[in-house]
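Enquirer: let me see the structure of the following:
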Amino acid sequence: MTKFKLRKKIINLRKKKYFEVKIGNNIIENLSNKINLSNNKIIGGYFPINFEFDCLQILKKFYSNGYNISLPIIKRSHQMDFYKWSPNDPLTISSFGIPQPLELKKIYPDIIFVPIVAFDKYRNRIGYGGGFYDRYLEKISQIKKCITIGLAFSHQKVNKIYIEKFDRKLDLILTEKLIQK
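Expert: From the prediction side, this is the model:
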């Protein structure tokens, strides 16, 4: 199945099952057991759209525990950067219709939560097809070590994703049921 067809199929499935999925409150505790979360970490997240796994509650929990959090801003030429944000800060709407922070302070996250359309057991993912995260993950890898954690629902898992040279494998995938390492 092509990435285009797989993307369409999984987005429709995600929309149908969205309200059936229950996400437990122990996600951060489970995550803390898998990775080193020191207080000086910068967490990058995303504003969920189109029935994506909602990471805002996770970001708010990290923020309340003293972490710096950030959200991406989409730039020209399919580029993006992360900017410091707190749950009390205002958001603006991007040209894609996605809420994003005001451009106040660009930061480079130590941990990035990555939205997923589909994933496989090898921690490969596909997104919406714009390559924003693949390009950003390549860029940040030249600056610092960054842990990448994909967020998805378990029903978004597929047998195999055929990757291309620019696709980036994730370090972990977190669903409502498990953490895949």
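Enquirer: identify the residues contacting the biggest helix by length in the chain?
Expert: Counting by DSSP state H, the longest helix found in the chain is helix 3-17. Residues outside helix 3-17 that contact it (C-beta atoms under 8 Å, 6 or more residues apart in numbering) are 1, 50-52, 117-118, 126, 128-129, 153, 155-156, 158, 161-162. C-beta: built from backbone N, CA, C; applies to glycine.
Enquirer: which one is Gly131 nearest to, not counting chain neighbours?
Expert: The shortest distance from Gly131 to any non-neighbouring residue, by C-beta to C-beta, 6 or more residues apart in numbering, is to His78 (5.9 Å).
Enquirer: give me the number of residues near the one you found?
Expert: Residues within reach of His78, counting by other C-beta atoms under 10 Å, total 12.
Enquirer: and it, how far from Asp89?
Expert: Distance, His78 to Asp89, using C-beta to C-beta, to the nearest Å: 25 Å.
Enquirer: so how far is Gln156 from Tyr18?
Expert: From Tyr18 to Gln156 the distance is 11 Å (C-beta to C-beta).
Enquirer: these two: which has the busier surroundings?
Expert: Set side by side, Tyr18 and Gln156 show more neighbours around Gln156, with 23 against 15, by other C-beta under 10 Å.
Enquirer: is Glu52 in contact with Pro115, as I believe?
Expert: Yes - the pair Glu52 and Pro115 qualifies as a contact (C-beta atoms under 8 Å) at a distance of 5.0 Å.
Enquirer: overlap of the contact sets of those two?
Expert: Taking C-beta under 8 Å, 6+ apart as the criterion, Glu52 and Pro115 both touch Tyr46, Leu151.
Enquirer: what segments of the chain are helices?
Expert: 3-17, 27-34, 56-64, 132-141.
Enquirer: compare those and say which comes out lowest on pLDDT.
Expert: Sorting those by mean pLDDT places helix 27-34 lowest, at a mean of 65.
Enquirer: select, out of the helices of the chain, the one closest to Phe96.
Expert: Relative to Phe96, the nearest member of those by C-beta to C-beta is helix 132-141, separated by 9.8 Å.
Enquirer: can I get the closest one in CSV, CA atoms only?
Expert: The C-alpha atoms that make up helix 132-141 are tabulated as CSV, following Å, rounded to 0.1, in the frame of the first residue of the first chain:
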residue,chain,number,x,y,z
PHE,A,132,8.4,18.9,8.6
TYR,A,133,9.5,16.6,11.4
ASP,A,134,12.0,14.6,9.3
ARG,A,135,13.7,17.8,8.3
TYR,A,136,13.6,19.2,11.8
LEU,A,137,15.0,16.0,13.4
GLU,A,138,17.8,16.0,10.9
LYS,A,139,18.6,19.6,11.7
ILE,A,140,18.5,19.2,15.5
SER,A,141,20.7,16.1,15.3
